[in-house]
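**Q** need coordinates for the below:
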Amino acid sequence: MADRTGPDAWQRVKQRLRAELGEDVFNSWFGRAEFEHADKSTVCLSVPTRFLKSWIASHYAERLLTLWTEERPGTIQVEIMVRGAVRTRTAPPPEASDDAAPLPVRPPQPRPPAPATTARRLPEAPEGYFTGSPVDPRYTFESFCDGAANRVVHAAAQAVAEGSSLNRFNPLYIHAGVGRGKTHLLQATTRAARRNDPARKVVYLTAETFMFRMVQAIRNNTAIQFKESLRDIDLLLIDDMQFLQGKSVQQEFCHMLNALIDGARQVVVAADRPPAELETLDERVRSRLKGGVAFEIGAPDLELRRKIIATRYRAAQEQNPGLDVPEPVLEYVAQSVVSNGRDLEGALNRLVAQWQFTSQTVTLASAEITLRDLVGAREPRRVRIEDIQRIVARHFNVSKADLLSSRRTRTIVRPRQIAMYLAKMLTPRSLPEIGRRFGGRDHTTVLHAVRKIEELIEGDKALADEIELLKRMIDE
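**A** Residues are numbered from 1 along each chain as shown. Here you go, the predicted model:
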């Protein structure tokens, strides 16, 4: 049954968000968000565009869940939907929407022929859990380009697929920025492991799919069957670990992780940052992940970029007979598009499209125009709160312990406020996360610090220049 107090609770949640984020930021991201419906465990909000849905899910999912849990105890999921997808249907259940976020939606399944007699459906659920998330057939070890940046993690993944790494790489943790091959490697490991030993139970799941299925199992009173089915897996691969949200879901994941590892079952996890930097994860989960083997996939060097371009170009020629991109153009792409492998593939796809649609030879001059937004683009450096604290402490001649302490002297308070301000400006971390990293402070303390420094900057040019200097020092 829908909760009629939901709209009132939403007004209170919005008031708290407005106080935390400020009027401008709140209006940018939540000004057009609306309450749709709620049940015992789920709240559904809607926004007018997919971009807003994606942004809120990526940057504010944890804070929204925290606020709604305080307003409606028992809430374990906040779904964000695109408005059109909500209102073109009649009384849509949250789990049936194609636009739910941050949790993904169960893909439509073909309806089996109607049986002659009524059949029980519960036994079918555990089998469905083992299917995991879809695996792209293009992602294989054969199509993965290895080089200095990824050779070690590539070898480790192959060892896992062969079943020869139990208890040595467990859990195997892979982290890297976007477009560097984490998903490719996990899905290649999944396919190879299934091919090498068909009897081996291998499951590939995104963190969002795990969350969705865990929540569904809790709703349907099949949580015990769900957890038991996961603990019977021989090889579990979890992708996009940074998106695992929700206290109860993380607790269940931690129990499952412990059961698998203690039972000598292999676990592989991928995320966009090291385990220690996953501030939204429960400390017990981070500790278990840090207890395994962690490898980073670095930025591709020139040799690897050339290899990626050559491999993808051969595949493009097979699909497009007659395709001819001169070698100097391919070398230009390898030399100039340096951010990640995904951008390299995108650059080549543009050149192929240019050749298809213009029926003209791709020249270096035309390639420069086509790829100008990708040339020289580098993945922005990830700024850590620890880096900010270290640089601010050194600049103001105080210790990091002082910044995290409860001392209230002016020589400590001002650097602490500046560090909090920079953490909010330069990282995607939420106010509660920043507060926790500054000695367990409340999010309102961080908000006060941010607003205080903003006010001071407006009237104090020397302070504004000093903060700009600190930003450059942090970014170096």
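**Q** any idea how far Glu142 is from His154?
**A** For Glu142, the distance to His154 equals 12 Å [Cβ to Cβ, to the nearest Å]. (Glycine included, C-beta is placed from N, CA and C.)
**Q** now the closest residue to Val153 other than its chain neighbours: how far from Val338?
**A** Spatial nearest neighbour of Val153, chain neighbours left out: Phe295 (4.0 Å); criterion: Cβ to Cβ, 6 or more residues apart in numbering. Going from Phe295 to Val338 by Cβ to Cβ gives 21 Å.
**Q** ok, the residue nearest to Val153 - contacts?
**A** 152-153, 156, 172-175 (Cβ atoms under 8 Å, 6 or more residues apart in numbering).
**Q** low-confidence regions, the stretch 51-200 of the chain specifically.
**A** Low-confidence segments of the stretch 51-200 of the chain, defined by pLDDT under 70: 84-131, 164-168.
**Q** strands along that one, start to end?
**A** Using DSSP state E, counting those that start in this stretch, the strands of the stretch 51-200 of the chain run over 77-82, 172-175.
**Q** how far out from the middle of the chain is the first one?
**A** In other words, strand 77-82. Centroid separation between strand 77-82 and its chain, computed with Cα atoms, centre = their mean, to the nearest Å, is 16 Å.
**Q** so what strands line up beside that strand?
**A** Strand 77-82 has its sheet partners listed here by DSSP bridges as strand 42-47 (parallel).
**Q** tell me if Leu237 really is in a strand.
**A** Yes - counting by DSSP: H, G, I helix; E, B strand; the rest coil, Leu237 falls inside a strand.
**Q** and it, what does it touch?
**A** Leu237 touches 186, 189-190, 202-205, 267-270, counting by Cβ under 8 Å, 6+ apart.
**Q** neighbours around Pro446, how many?
**A** Quick fix: residue 446 reads Val, not Pro. Val446 is flanked by 26 other residues according to other Cβ atoms under 10 Å.
**Q** thinking again about what came up before, which one, of the strands of the stretch 51-200 of the chain, ends up nearest to His443?
**A** strand 77-82 (17.5 Å; Cβ to Cβ).
**Q** how about the closest one as CSV, C-alpha atoms only?
**A** Provided in CSV are the C-alpha atoms of strand 77-82 (Å, rounded to 0.1, in the frame of the first residue of the first chain):
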residue,chain,number,x,y,z
GLN,A,77,15.7,1.8,-1.5
VAL,A,78,15.2,5.2,-3.2
GLU,A,79,14.4,4.9,-6.9
ILE,A,80,14.8,7.7,-9.4
MET,A,81,12.7,7.5,-12.6
VAL,A,82,12.4,9.6,-15.7
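**Q** buried ones in it?
**A** Buried residues in strand 77-82, counting neighbours by 16 or more other Cβ atoms under 10 Å, are found at 77-82.
**Q** JSON lines please, covering the strands of the stretch 51-200 of the chain and showing distance to Arg288.
**A** Formatted as JSON lines, those follow (distance: least, Cβ to Cβ, whole Å):
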{"stretch": "strand 77-82", "distance to Arg288": "24"}
{"stretch": "strand 172-175", "distance to Arg288": "10"}
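**Q** pLDDT of the strand or helix carrying Val450, averaged?
**A** Assigned by DSSP states H and E, Val450 belongs to helix 443-459. The average of the pLDDT scores along helix 443-459 is 89.
**Q** show residues contacting stretch 416-431.
**A** Contact with stretch 416-431 is made by 20, 58-60, 62-63, 279, 383-385, 388-389, 392-393, 396, 402-403, 434, 437-438, 443, 445-447, 449-450, 452-454, 467, 470-471, 474-475, as judged by Cβ under 8 Å, 6+ apart.
**Q** return the distance of Ile174 relative to Gly22.
**A** Ile174 is 37 Å from Gly22, by Cβ to Cβ.
**Q** which of these two has more neighbours?
**A** The residue with more neighbours, out of Ile174 and Gly22, is Ile174; 29 against 15, by other Cβ under 10 Å.
**Q** pretty sure that one contacts Gly298?
**A** No - with contacts counted by Cβ atoms under 8 Å, Ile174 stays clear of Gly298, the gap being 11.9 Å.
**Q** picking up where we left off before, who's more crowded, Glu142 and His154?
**A** Neighbour count, other Cβ under 10 Å: between Glu142 and His154, His154 has more, with 22 against 7.
**Q** quick one: that one from Leu185, how far?
**A** 7 Å.
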